[in-house]
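Colleague: Pasting the sequence and the predicted model now:
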Amino acid sequence: MHEPLSGYVRKQFPALKRQVNGHPIAYLDGPGGYQVPETVIQAVTDYLINMNANVGDQFASAQDTSAMIQNARRIFADFFNCRWEEVVFGANMTTLNFALAQALARELTAGDTVLITEIDHEANRGPWLQLQDRGIRVEDVALNVNTCTLDMHDFQQKLSSKPKVVAVNYASNGVGTISDMPRIIQMSHDAGAYTVVDAVHYAAHGPIDVQKLDTDFLLCSAYKFFGPHIGVLYARKEILSRLRPLNLRTQSQYPPFMLETGTLHHEGIAGAAAAVEFIADIGRKFGCDPQASDAEWPGLRRHQILAGLRVFDQYEQALTADLIAALTRDVPQVTLYGPPAGHPRTSTVSFTYAGYTADQVAKYLGRRGLFVWGGHFYAIRLVERLGLLDRGGLIRVGLAPYNTQTELDRLIQALKAEDALQRFAATLR
Ligand SMILES: Cc1ncc(COP(=O)(O)O)c(C=O)c1O
């Protein structure tokens, strides 16, 4: 029999041993970035000790580096359910999206429309808003502020302007809402648009299947799911191969290399591949039929990745339900912001606390080893539309598979102790 999931998972993360002010740290800021398991640290270290070279040279370490990157592309192809030629590595999601927007802009002409949304992180808004300098019209799909969901009626109406690109968020890093991506992509394609999906927040919480989704582009960041700080883009090969991104004469003009300007973050790629392998390993240990896990068959790794994500999701959803129930029941100062009960969501729970700013509450919790983020988390338009930007934004608790009920109990106790918060806030003035 396996140890319970959480006990096993926690042992893999050296960062969980750290303390602050005598308190064990509860990393409750998953949407800001996950902690990394030992296997990821080892993969990065192993790369730096045993390979550490540029690609294209004739000696062994350079060839090993090429092989490592190629293997990582195959691992991410299983993660996305795509071909390896469709996996593009980059510095982070934002940088990749700027490069993509520049490349797609060359397909557009002045007067064309791009649709963005109010629920999106700025990284999937700014790169498109910037195209206004070239005469591209950028329209914003409204947020339904009552439900913290995309206004699908407004989306339908905005599609009548026949946008060339729809840039949309899979799951909100601000409030945890998961949007109906298959429907949004289908509607966008029916209107004749390319689709660019920001899956940065979603990727840690649910399976990605770019074939089923039928999206043209999808972006994520490995540091949001157990990996180092790199971004990864899925780009449909047939479209990518006809784009003319900004790049050098010396660079390969073929997918996926054409979008990868300069030297890649090799050790980050090694670690990112290990992060996906970590998810697959959880699937193998806790989520798969053991016989299927032991047999070698094509598609096994994808099967295990999906199983791992399912295991994590079940664990997180149970904790999330408990957290929401406890906040509602025990902390009357809290006002929750997020999708209604029953709507698909991640384990990200955001709220305000009457009488205190998000920054004050986050600092107070941080002193007690409860690491949460307060503010707008770059989902600035969302927070603005919720009417909270001038009031300091939201307090965000984002649960990862290494978080526990004990940590949530500590959080609730700290939030219930308003007198302690008041004393602490007085020291900030
Ligand atoms: C939903 C979402 N999109 C995009 C980004 C930007 O990702 P990166 O930091 O890799 O540029 C973030 C980062 O917080 C995010 O949460």
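Modeller: Yep, it's here.
Colleague: ok, then the element right after the lengthiest helix in the chain?
Modeller: What stands out as the longest helix in the chain, according to DSSP state H, is helix 300-330. Toward the C-terminus, helix 300-330 is succeeded by strand 334-337 as the next helix or strand (DSSP states H and E).
Colleague: As PDB, could you dump the C-alpha coordinates of that following strand?
Modeller: Output of strand 334-337 as PDB, limited to C-alpha atoms (Å, rounded to 0.1, in the frame of the first residue of the first chain):
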ATOM      1  CA  VAL A 334     -14.100  38.000   4.900                       C
ATOM      2  CA  THR A 335     -15.900  38.700   1.600                       C
ATOM      3  CA  LEU A 336     -15.200  36.000  -1.000                       C
ATOM      4  CA  TYR A 337     -14.700  36.800  -4.700                       C
END
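Colleague: And it, what's buried?
Modeller: Using 16 or more other Cβ atoms under 10 Å as the test for burial, strand 334-337 gives V334, Y337. (Each C-beta comes from the backbone N, C-alpha and C, glycine too.)
Colleague: Show me the contact partners of it.
Modeller: Applying Cβ atoms under 8 Å, 6 or more residues apart in numbering, the contact partners of strand 334-337 are 148, 175, 324, 327-328, 349-354, 386, 388, 394, 415.
Colleague: in the stretch 51-200 of the chain, which ranges drop under the pLDDT threshold?
Modeller: For the stretch 51-200 of the chain, applying pLDDT under 70 flags no range at all.
Colleague: need the residues of it near the ligand, please.
Modeller: N92, M93, T94, H121, A123, N173, D198, V200 (Cβ under 6 Å from any ligand atom).
Colleague: hmm, back to that, so which of the contacts of strand 334-337 comes closest to the ligand?
Modeller: For the contacts of strand 334-337, the minimum distance to the ligand (Cβ to the nearest ligand atom) is 11.1 Å, reached by V175.
Colleague: So the closest one: helix, strand or coil?
Modeller: What DSSP: H, G, I helix; E, B strand; the rest coil gives for V175 is coil.
Colleague: do you know how far it is from E122?
Modeller: Distance of V175 to E122, given as Cβ to Cβ, to the nearest Å: 15 Å.
Colleague: got it, and I230?
Modeller: Taking Cβ to Cβ as the measure, I230 falls 19 Å from E122.
Colleague: returning to that earlier point: so which bits of the longest helix of the chain are buried?
Modeller: 300-313, 315-316, 319-320, 323-324, 326-327.
Colleague: re earlier: out of the residues of the stretch 51-200 of the chain next to the ligand, which end up buried?
Modeller: Buried members of those, counted by 16+ other Cβ under 10 Å: N92, M93, T94, H121, A123, N173, D198, V200.
Colleague: Centre of the chain to stretch 15-33, how far?
Modeller: Distance, stretch centre to chain centre, for stretch 15-33: 19 Å (Cα atoms, centre = their mean, to the nearest Å).
Colleague: got the end-to-end distance for that stretch?
Modeller: From its first residue to its last, stretch 15-33 covers 13 Å (Cα to Cα, to the nearest Å).
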